[in-house]
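> give me a 3D structure for the following:
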Amino acid sequence: MEIIGIDVGFGFTKAYNGKNSVIFKSVIGDATDIQFHSVLGDDSSTSNLHITLDEKSYYLGSYAELQSNIREFTLDQEKLLENYFKILAVTAAGLCTDTPAPIRIVTGLPVGYLKRDTKRLKEITTGVHTITFHHPDGKDIIRKINIEKIHVIPQPIGSIFNLIFDEQGRIIDKVLAGQKLGVVDIGFKTTDFSIFDHLQYIERGSSTMDTGISKCFSVIAGKLKQESNITIELFRMFKFIESGMIKIKGKEYNIGNLKKRVYTHAAAAVVSDLNRLWENDWDIDSIILSGGGSVELADYLVSGIEGNIIPIPKNIDARFNNVQGYCKFGRYKWGYTRHLSEEQGIEEKIAAIKQKNIEGTEEDNKPTRKPETEASVPEKTIKGLSWLRRQS
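Numbering: from 1, shown residues only. Alright, predicted model coming up:
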């Protein structure tokens, strides 16, 4: 059994299985004939993404951005689910693991779409999918991706799970798990505001707003069009926003000051939504900022939000917060440590016993630290987790 967290976002598709992490832009393009393949440049697993699925060939991510004549990218939830989700999710799963065993996936939806889209998402993605990965050297790798089960949870809680679970799906932070937590998850298109009390989802203070980082990109792209008369696709804006400089037809445009003004306005809108939604939830213990957009807006948000904010570590990619949490929760839900124990071969067990008998030392008599169990976790927290395990 392989457990994978997958997050198909409007900006990026992410996957994580505890060992490998995958990220590529959620851009799909037509597979054109390329006359010459350079041996130079980026040679990562996502740099030349050319796949065939359901007898149709696609370029994905940065490869589609560079090579495709027709590139598809959407900020529409309905279109993302109907036309793109299966392609992006199956590709991410195939890149993340090469196991022939059944795969169980945990994924998330914005809270505003959870009830409406969960059943359809599972119907679209569950089952056996044959995908071909085409490599620039002409080598094709055909894989069967057997998606056995999919569990769908509110998207923002992945960031909480990433903090309270270890890689084996064991609770390591009982204090945080027992608190009332607010999550501000800023993605490319949407911002999710969610409250969890002892991990129980609180509907009253949870909502999805169209205040993602793409709105900032749209404003900046609009200003650049006024100056240059060139329309810049939003999925091409990432590297220019990061550098603060863009060159159009040989002319350089410094967008640093514009970016600061736009981000300040966006952060103010997020804080305003937060204050309105959480007006009666003054007893929130901690607020977690998550999502790729939160990194962009962090400096502008922290000064405006009242409360105990859990900071975003500088040494991690915040875009993986949710998807890593999905994987950890999947390991908790499906008993990953028990599964590993059951899979351990008899010969390995016998060899370990023999070795222990041979080496017998005082260390053998020392008590070992037991993993965190549900028995040692507050009852209210277990009820919250039980609800999430049953959901979807």
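> residues contacting residue 216?
Neighbouring residues of residue 216 by CB atoms under 8 Å, 6 or more residues apart in numbering: 241, 259, 262-263, 266, 296. To be clear about C-beta, it is placed using only N, CA and C from the backbone, and glycine gets the same treatment.
> that one sits in which helix or strand?
helix 213-228 (DSSP states H and E).
> distance from the chain centre to that helix, please.
Distance, stretch centre to chain centre, for helix 213-228: 26 Å (CA atoms, centre = their mean, to the nearest Å).
> and for stretch 327-336?
On the basis of CA atoms, centre = their mean, stretch 327-336 sits 16 Å off its chain's mean C-alpha point.
> could you do stretch 162-178 as well?
Stretch 162-178 sits 18 Å away from the centroid of its parent chain (CA atoms, centre = their mean).
> now swap in stretch 186-196 and tell me
Using CA atoms, centre = their mean, the mean C-alpha position of stretch 186-196 is found 12 Å from that of the whole chain.
> report the mean per-residue pLDDT for that stretch.
Mean pLDDT, computed over stretch 186-196, is 93.
> and it, end to end?
Using CA to CA, to the nearest Å, the end-to-end distance of stretch 186-196 comes out at 17 Å.
> returning to what we had before: by pLDDT, give me the weakest of the contacts of residue 216.
The member of those with the lowest pLDDT is residue 296, at 83.
> hang on, it packs against residue 215?
No. Between residue 296 and residue 215 there is no contact under CB atoms under 8 Å: 11.6 Å.
> so what are the domain limits for the chain?
The chain is divided into the following domains under automatic domain parsing: 2-154+321-331, 207-312.
> so can I have a markdown table of those showing distance to residue 184?
Below are these laid out as a markdown table (distance: least, CB to CB, whole Å):
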| stretch | distance to residue 184 |
| --- | --- |
| domain 2-154+321-331 | 12 |
| domain 207-312 | 5 |
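> list the buried residues of stretch 309-317.
By neighbour count with 16 or more other CB atoms under 10 Å, stretch 309-317 contains the buried residues 309-310, 312.
> over to stretch 48-63?
Of all the residues in stretch 48-63, those buried under the rule 16+ other CB under 10 Å are 48-53, 58-63.
> same question, stretch 116-123
Neighbour counts over stretch 116-123 (16+ other CB under 10 Å) mark 117-118, 121-122 as buried.
> what segments of the stretch 251-392 of the chain are helices?
Per DSSP state H, counting those that start in this stretch, the stretch 251-392 of the chain carries helices over the ranges 256-277, 292-302, 321-333, 336-343, 346-359, 379-390.
> worst average pLDDT in these?
Ranked by mean pLDDT, those bottom out at helix 346-359, with a mean of 55.
> surely residue 28 and residue 64 touch.
Yes. Residue 28 is within contact range of residue 64, at 6.0 Å (criterion: CB under 8 Å).
> follow-up on the earlier one: nearest to residue 331, of the buried residues of stretch 309-317?
Residue 331 has its nearest neighbour among the buried residues of stretch 309-317 in residue 310, at 22.4 Å by CB to CB.
> OK, contacts around the closest one?
Neighbouring residues of residue 310 by CB under 8 Å, 6+ apart: 163, 286-289.
> now the strands for the stretch 51-200 of the chain?
56-60, 71-72, 103-109, 127-134, 140-154, 180-186, 191-197, 200-209 (DSSP state E, counting those that start in this stretch).
> of the ones you listed, which is nearest residue 4?
Per CB to CB, nearest to residue 4 of the strands of the stretch 51-200 of the chain: strand 103-109, 5.4 Å.
> what strands flank that closest one, and is each parallel or antiparallel?
Here strand 103-109 has these sheet partners by DSSP bridges: strand 2-8 (parallel), strand 140-154 (parallel).
> out of the ones you listed, nearest to residue 279?
For these, the distance to residue 279 is smallest for strand 140-154, at 20.8 Å, taking CB to CB.
> noted, bye for now.
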